[in-house]
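Asker: model this:
(chains A and B)
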Number of protein chains: 2
Amino acid sequence: MATADETHDTADAPDAYRDLLERSEKLTDVRMASMALGWDQRVMMPEGGTPARAGQLSTLSGLGHELLVDDEVGEWLAELDSADLTDDQAAVVRELRREHDRSAEVPGVLVEEIAAHQAETQQVWQEAKVEDDFDHFAPALEELIDLHRERAAAIEPGANPYRVLYEDSLPYLPLETVEDIFDELREGLVPLIEEIEADGRELPSVFTGHTYDADDQMALSQEVVDLLGYPREHGRLDTAPHPFMSGNQFDARITTRFREDDPIDALMATIHEFGHASYQLGLPKAEYGTPLGASLSSGVHESQSRFWENHVGRTKAFWEFFLPTMKEHFPHLEDVTVDEAYAAVNRIYPGNLIRVEADELTYHLHIILRCEIDRAFVEGDLPVEDVPEVWNEKMDDYLGVVPETDTDGCLQDTHWSASFAAFQGYTVGSVLAAQLDATIREDLDVDGLVREGEFEPLWEWMTEHVHRHGQRYPTEELIEVATGEPLTADYFLEYVESKYGDLYGLSGY
Amino acid sequence: MATADETHDTADAPDAYRDLLERSEKLTDVRMASMALGWDQRVMMPEGGTPARAGQLSTLSGLGHELLVDDEVGEWLAELDSADLTDDQAAVVRELRREHDRSAEVPGVLVEEIAAHQAETQQVWQEAKVEDDFDHFAPALEELIDLHRERAAAIEPGANPYRVLYEDSLPYLPLETVEDIFDELREGLVPLIEEIEADGRELPSVFTGHTYDADDQMALSQEVVDLLGYPREHGRLDTAPHPFMSGNQFDARITTRFREDDPIDALMATIHEFGHASYQLGLPKAEYGTPLGASLSSGVHESQSRFWENHVGRTKAFWEFFLPTMKEHFPHLEDVTVDEAYAAVNRIYPGNLIRVEADELTYHLHIILRCEIDRAFVEGDLPVEDVPEVWNEKMDDYLGVVPETDTDGCLQDTHWSASFAAFQGYTVGSVLAAQLDATIREDLDVDGLVREGEFEPLWEWMTEHVHRHGQRYPTEELIEVATGEPLTADYFLEYVESKYGDLYGLSGY
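Answerer: Numbering: from 1, shown residues only, chains lettered A, B, ... in the order given. Purely as a prediction, here's the structure:
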């Protein structure tokens, strides 16, 4: 399955290519060091460590920036303009050129300032979330927005800063394409959710009504990732306030967190983060340090987490396989049937407040709300102090529910303590996951394998069709290579209409 | 207690000084980032992460080296030769000059190679220790020695490489001074140990003969550091195969590990590492990033760990205070008396194999053995493959016991997977701890405070006399500032002769 490792065979490559590759490796080292320090900050670091850690992250960010924008890099890239390169080498050059060009005009001091401020803002956000105190968070957030706007202006003077920042996380997938997909989804999802609400039927909630100890849930989360094939020599599972994955193809770590009234919440978060790790661990080890050994975009990353969470973890086949394990951990569930479990993990909760706990349908309304709000404040149309009010209004409009605290509202996500225009990837991920799911089912008996707990062929398929390419293809091209079609919302809408039509017994679906 | 923070008041300082200070801060960030990644590698990282982590540490090491040896730094230092500086500023310049001059002639590629090789060797050592397989470790060790010899030759061509490497960990304290102290110790300790052995008396071992669960021991270790005043917002306690401290004045973490047959082993290791953390946390926060906010040398560091371990943790006063807590954790100890506990934690074990478990007397023979062996292989007089044999011969000579495995012999310590000529600091630390203990007892009723669990005045005294100075004074000068005298073995010998004379009822002591 490994690639022919063309890139590392640089014997015939121009000197400039070899120099560029060496620089890419150093740059990766600095970034991965920063990422590991970020993991530590969120999972292990005592809170008093913030000032020192902020300085470290800022300095590393500045050093990484210098490595990238260095005049030598520009010279190597210019030399390689007309060089005779293999396809893989050309892909490496394309990605490094894109990165170099995006950074060359951004002052190093601004990069350091953003990194230092992100580390502090992360800490302030955690405090504000615990204390339900948006006013504590607002000044730090405002300063971070200003810094990012300044950065956007340096990258592309005069351009819409939101579009410029968006291209950080979803390069090569035009914002307009994503907005068209959002429109299709809104048109498809709103009536579906309305019909479910109008119907009034409640799916069984067989897992609630009991208190689940955090240690017991941790044991269940560890077991599920063990069963999925998460290798302990290349990863670890911890807890953090916000579940996330961090790392590379050698060391991809995940976190989860527990609700004592609902074990499905953590279980699905764990499977989701495992999906992210599966991508990272599927990247070619020999290409570590080059763009061919790096993940492509937030949207593709999210397609992997969503595939495992929804197209594996929320299938009936999975519950045929996993329910006995669940019962071993929680014996009071002994009478639960597979159908009940399957229905319970797929309940629709229009009144849910928390994005990461949202169901597969309403989830995308949470995303649309965030994209609208962060576009408004990045574009200067929304003062930061009004965020809680606007958040609550939109929650009421889209989901018919208003959070009682900002902890459950606009302070729930960590993202705005780091970056903006970065939520689109979540919905793109769901859409792409459904498209990949339709494709993998042409090759493999997914349900049959899942029912037997045979997850390795699924992971291998994804590695073969997605992971192993790293950044070989731009996002749109990778999607065509992997699925044979451009990105389309059709598969996602078909999937949810069929699944929820069945589950809720809706006519016309 | 805080210093007047002269250094950061740079308004009147020459531009070159301000530039130098900014460089020092960046350099500190890079080093502290590396240290945090090293902690992660030893405590948290899945083992498959090694290749990526080795690359990260190597690159950071190279970047730190470039920041230090940069021609600009040389120019700033030259400008500052004749500048009018405050004493603190002069100390900052002196330390950065020393570092710059030590590194300027070492090629960056060698620095990176050493860092990468250390990370790999660390992993290989852990595997070799687990598998009791020195042959697995030997090639990595040999390569590391070669690299360090190459480095020593670059720093000071033609000089004895061992002395050059020694000055990494104990600058400003001549190797000859330390060797004289070693001679005095040998002359004092050997007859004392012989008399104890000849006497044949055994102190009570009231804590053995029971199996102590690791989780219970962890709870005890956490409680003891809580009682000593280790602040959870600036530190954390974990387990690792080899106890160590890692961090800075904002975030100083410690590790311990457990022997199920002896809870004193972990308890004393924990107190020891707390002592290291107390130094780090006592450094001025405002000086983070400058030499005035950095620890001075391995010997001074070790004086702090030894002070807390031996001059607090192994006193009768401490056991008057702590025994009731110990009994709460381990109720089977209910009949143990303070005298029994005090004697048990001070038993002399000439037959002990493990340095970190050694008593206060035989410990220094373990150190002398290591210094002799690593001097021999650094100077090229001992082939690496002969280390186990020579180790075992020396153990037999000095301590009358031969380890059955290399795991309990020459593979027991992590140090040789990182550096050489670095063991002297341990014995210097004990000697200095005794000298500081004699001084602090002139100012404070140490036993009275310890008996009441009032540890804060002790920590404050050490901060006032040692920690807050950072690298303001060279080691020999700091010792005079803190104790009023040059380094001397007298206090250590008086202390052990009096204590062990009493405990073992020896005539003539």
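
Asker: Looking at the stretch 51-200 of chain A, what residue ends up closest to chain B?
Answerer: The nearest approach of the stretch 51-200 of chain A to chain B comes at A:T59, 3.6 Å away (C-beta to the nearest C-beta). From N, CA and C alone the C-beta is placed, and that goes for glycine too.

Asker: Chain neighbours aside, what residue packs nearest to that residue?
Answerer: B:D29 (3.6 Å; C-beta to C-beta, 6 or more residues apart in numbering or on different chains).

Asker: right, and that neighbour touches A:S58 too?
Answerer: Yes - assessed by C-beta atoms under 8 Å, B:D29 is found in contact with A:S58 at 7.3 Å.

Asker: count of neighbours near A:E233?
Answerer: Number of residues near A:E233 (other C-beta atoms under 10 Å in any protein chain shown) recorded here: 12.

Asker: residues in contact with the closest residue to it other than its chain neighbours?
Answerer: The spatially closest residue to A:E233, leaving aside those adjacent along the chain, is B:G48, at 4.0 Å (C-beta to C-beta, 6+ apart). Going by C-beta atoms under 8 Å, 6 or more residues apart in numbering or on different chains, B:G48 touches A:231, A:233-234, A:250-251.

Asker: thinking again about what came up before, what about the residue nearest to A:T59, neighbour count?
Answerer: Residues within reach of B:D29, counting by other C-beta under 10 Å, total 27.

Asker: And the pLDDT for it?
Answerer: pLDDT recorded at B:D29 is 98.

Asker: again, but for A:Y509
Answerer: For A:Y509, the pLDDT comes out at 70.

Asker: What count of nearby residues applies to the spatially closest residue to it that is not a sequence neighbour?
Answerer: Once flanking residues are discounted, A:Y509 sits nearest to A:G501: 2.5 Å by C-beta to C-beta, 6+ apart. Other residues lying near A:G501 total 16 when counted by other C-beta under 10 Å.

Asker: What parts of the stretch 251-400 of chain A come near chain B?
Answerer: A:251, A:253, A:285, A:288-289 (C-beta under 8 Å from any C-beta of the partner chain).

Asker: now the residues you listed: which count as buried?
Answerer: For these, a neighbour count by 16 or more other C-beta atoms under 10 Å in any protein chain shown gives the buried set as A:251, A:253, A:288-289.

Asker: Regarding the closest residue to A:H415 other than its chain neighbours, what are the backbone dihedral angles?
Answerer: Spatial nearest neighbour of A:H415, chain neighbours left out: A:A422 (5.9 Å); criterion: C-beta to C-beta, 6+ apart. Backbone torsions of A:A422, given as degrees, to the nearest 10, read phi -120, psi 10.

Asker: do the same with A:Q249
Answerer: The phi/psi pair for A:Q249 (degrees, to the nearest 10) is phi -70, psi -10.

Asker: Which elements pack onto the host helix or strand of A:A140?
Answerer: If you go by DSSP states H and E, A:A140 is part of helix A:134-155. With contacts defined as 3 or more C-beta pairs under 8 Å, 6 or more residues apart in numbering or on different chains; DSSP states H and E, helix A:134-155 has these neighbours: helix A:108-131, helix A:161-169, helix A:363-378, helix A:387-399.

Asker: want to try JSON lines for those helices, with mean pLDDT and mean neighbour count as columns?
Answerer: Output for those, formatted as JSON lines (pLDDT from 0 to 100; neighbours: other C-beta atoms under 10 Å in any protein chain shown):
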{"stretch": "helix A:108-131", "mean pLDDT": "90", "mean neighbour count": "20"}
{"stretch": "helix A:161-169", "mean pLDDT": "94", "mean neighbour count": "21"}
{"stretch": "helix A:363-378", "mean pLDDT": "93", "mean neighbour count": "21"}
{"stretch": "helix A:387-399", "mean pLDDT": "92", "mean neighbour count": "17"}
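
Asker: is it possible to export these to JSON lines including distance to A:T488?
Answerer: Output for the helices and strands packed on helix A:134-155, formatted as JSON lines (distance: least, C-beta to C-beta, whole Å):
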{"stretch": "helix A:108-131", "distance to A:T488": "35"}
{"stretch": "helix A:161-169", "distance to A:T488": "20"}
{"stretch": "helix A:363-378", "distance to A:T488": "15"}
{"stretch": "helix A:387-399", "distance to A:T488": "24"}
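
Asker: between those, which one is nearest to A:G188?
Answerer: helix A:363-378 (9.8 Å; C-beta to C-beta).

Asker: Contact partners for the closest residue to chain B within the stretch 201-350 of chain A?
Answerer: Proximity of the stretch 201-350 of chain A to chain B (C-beta to the nearest C-beta) peaks at A:D251, 3.0 Å away. When contacts are counted by C-beta under 8 Å, 6+ apart, A:D251 touches A:36, A:234-235, B:45-46, B:48-49, B:52-53.

Asker: about what we covered before: helices or strands up against the helix or strand that the residue nearest to A:T59 is a member of?
Answerer: For B:D29, the host element (DSSP H and E) is helix B:15-43. The elements that helix B:15-43 packs onto, with contact taken as 3+ C-beta pairs under 8 Å, 6+ apart, are helix A:15-43, helix A:50-69, helix B:50-69, helix B:71-80, helix B:87-103, helix B:108-131, strand B:245-247, strand B:252-256.

Asker: winner for burial among the ones you listed?
Answerer: strand B:252-256 (a mean of 26; mean count of other C-beta atoms under 10 Å in any protein chain shown).

Asker: In terms of residue numbering, what are the domains of chain A?
Answerer: As assigned by automatic domain parsing, chain A contains the domains A:15-159, A:175-503.

Asker: Out of those, flag the one nearest B:M245.
Answerer: Among the domains of chain A, the nearest to B:M245 by C-beta to C-beta is domain A:15-159 (13.6 Å).

Asker: list the contacts for the residue lying closest to A:D447 once chain neighbours are set aside?
Answerer: Spatial nearest neighbour of A:D447, excluding adjacent residues (C-beta to C-beta, 6+ apart): A:A317 at 3.9 Å. By C-beta under 8 Å, 6+ apart, the residues touching A:A317 are A:446-448, A:450-451.

Asker: can you confirm A:A317 is in a helix?
Answerer: Yes - counting by DSSP: H, G, I helix; E, B strand; the rest coil, A:A317 falls inside a helix.

Asker: Residue of the stretch 401-509 of chain A closest to chain B, please.
Answerer: Here the residue of the stretch 401-509 of chain A nearest chain B is A:G470; by C-beta to the nearest C-beta that distance is 14.8 Å.

Asker: can you tell me how far the closest residue to that residue other than its chain neighbours sits from A:T475?
Answerer: Distances taken as C-beta to C-beta, 6+ apart place A:L292 nearest to A:G470, at 4.1 Å, with adjacent residues excluded. Distance from A:L292 to A:T475, counting by C-beta to C-beta, to the nearest Å: 15 Å.

Asker: quick one, which of these two is more surrounded?
Answerer: Each of A:L292 and A:T475 has its neighbours counted (other C-beta under 10 Å); A:L292 has more, 26 against 21.

Asker: Does the more buried one touch A:D88 like I think?
Answerer: Yes - shown here, A:L292 and A:D88 form a contact pair, counting by C-beta under 8 Å, at 6.2 Å.

Asker: Could the C-alpha coordinates of stretch A:195-203 be exported in PDB?
Answerer: This file holds the C-alpha atoms of stretch A:195-203, laid out as PDB (Å, rounded to 0.1, in the frame of the first residue of the first chain):
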ATOM      1  CA  GLU A 195     -41.200  16.800   9.700                       C
ATOM      2  CA  ILE A 196     -39.500  14.900  12.500                       C
ATOM      3  CA  GLU A 197     -40.600  17.600  15.000                       C
ATOM      4  CA  ALA A 198     -44.100  17.800  13.700                       C
ATOM      5  CA  ASP A 199     -44.400  14.000  13.900                       C
ATOM      6  CA  GLY A 200     -43.600  14.200  17.600                       C
ATOM      7  CA  ARG A 201     -42.300  10.700  17.800                       C
ATOM      8  CA  GLU A 202     -39.600  10.100  20.300                       C
ATOM      9  CA  LEU A 203     -37.000   7.400  19.700                       C
END
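
Asker: Alright, I will stop here.
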